[in-house]
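Colleague: no sequence for this one, just the structure:
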């Protein structure tokens, strides 16, 4: 028994068109996936190659580092070694020599500046001594008002300038050896 279905030709045409579009998208997707996988394979191969180059470069870098450290400690690199390593090892020695020369030059300049300043202060002091002599200090006399004022404390200077007068207490025409608290409270001015 054969059943024939009536098929709409427009619908059959749209069905075939949809099948072609689906096949086309599938082909495009497969091409893109293959291209992506090929690019990733090439990228990982290139990366593996560069990683191997870095692994091969590491002993050379270690050798340069050891030679540079030895050169900084004063050991000269071996002449039979790699020329690049010898030349690179000379760089720290050059920096070290330049640093020593800069230190020596700056020390000389600092000494010269200190010497110049000391001499200029010396000349100023001598000029002041000749032009403006202070006769009391030249003879060794110190004014009584300035006694003890060499301290820089403002409180001490104020106390020394406002010296309390020396008081003695007389009792029955003889000097007493001390003052009692009651005498101080009676004679002392109020503050």
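Modeller: Cool, the structure landed. Model, not experiment: these values are computed from the prediction. Numbering: from 1, shown residues only.

Colleague: what's the longest helix in the protein?
Modeller: helix 9-72 (DSSP state H).

Colleague: next structured bit after it?
Modeller: Later in the chain than helix 9-72, the nearest helix or strand by DSSP states H and E is helix 83-131.

Colleague: that older thread, which strands and helices sit next to the longest helix of the chain?
Modeller: Secondary-structure packing of helix 9-72 (3 or more CB pairs under 8 Å, 6 or more residues apart in numbering; DSSP states H and E): helix 83-131. (C-beta placed from N, C-alpha, C; glycine too.)

Colleague: rounded mean pLDDT for the helix it packs on, please.
Modeller: For helix 83-131, the mean pLDDT works out to 87.

Colleague: then stretch 20-32?
Modeller: Here the average pLDDT along stretch 20-32 is 97.

Colleague: what about residue 103, distance to residue 121?
Modeller: According to CB to CB, to the nearest Å, residue 103 and residue 121 sit 27 Å apart.

Colleague: can you check residue 87 too?
Modeller: Taking CB to CB, one finds residue 87 at 52 Å from residue 121.

Colleague: cool, and residue 88?
Modeller: Distance of residue 88 to residue 121, given as CB to CB: 51 Å.

Colleague: when these two are compared, which one has more neighbours?
Modeller: residue 88 (17 against 10; other CB atoms under 10 Å).

Colleague: list the contacts for the more buried one?
Modeller: If you count contacts by CB atoms under 8 Å, 6 or more residues apart in numbering, residue 88 has them with 64, 67, 68.

Colleague: those residues, buried ones only, as a ChimeraX selection?
Modeller: Buried residues within the contacts of residue 88, by 16 or more other CB atoms under 10 Å, are selected in ChimeraX with:
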select :64,67,68
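
Colleague: turn the contacts of residue 88 into CSV, columns for distance to residue 94 and pLDDT.
Modeller: Shown next, in CSV, are the contacts of residue 88 (distance: CB to CB, whole Å; pLDDT from 0 to 100):
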residue, distance to residue 94, pLDDT
64, 15, 76
67, 14, 78
68, 11, 75
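
Colleague: before we move on, back to that, the longest helix of the chain versus helix 83-131: what angle between them?
Modeller: With axes from the mean of the first three to the mean of the last three CA atoms, to 10 degrees defining the directions, helix 9-72 sits at 60 degrees from helix 83-131.

Colleague: in TSV, list the contacts of residue 88 along with distance to residue 130.
Modeller: Shown next, in TSV, are those (distance: CB to CB, whole Å):
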residue	distance to residue 130
64	67
67	66
68	62
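
Colleague: which one of the contacts of residue 88 is nearest to residue 161?
Modeller: Comparing the contacts of residue 88 against residue 161 with CB to CB places residue 68 closest, at 69.5 Å.

Colleague: and the closest one, how far from residue 22?
Modeller: From residue 68 to residue 22 the distance is 66 Å (CB to CB).

Colleague: try residue 87
Modeller: 67 Å.

Colleague: likewise residue 126?
Modeller: Distance from residue 126 to residue 22, by CB to CB: 110 Å.
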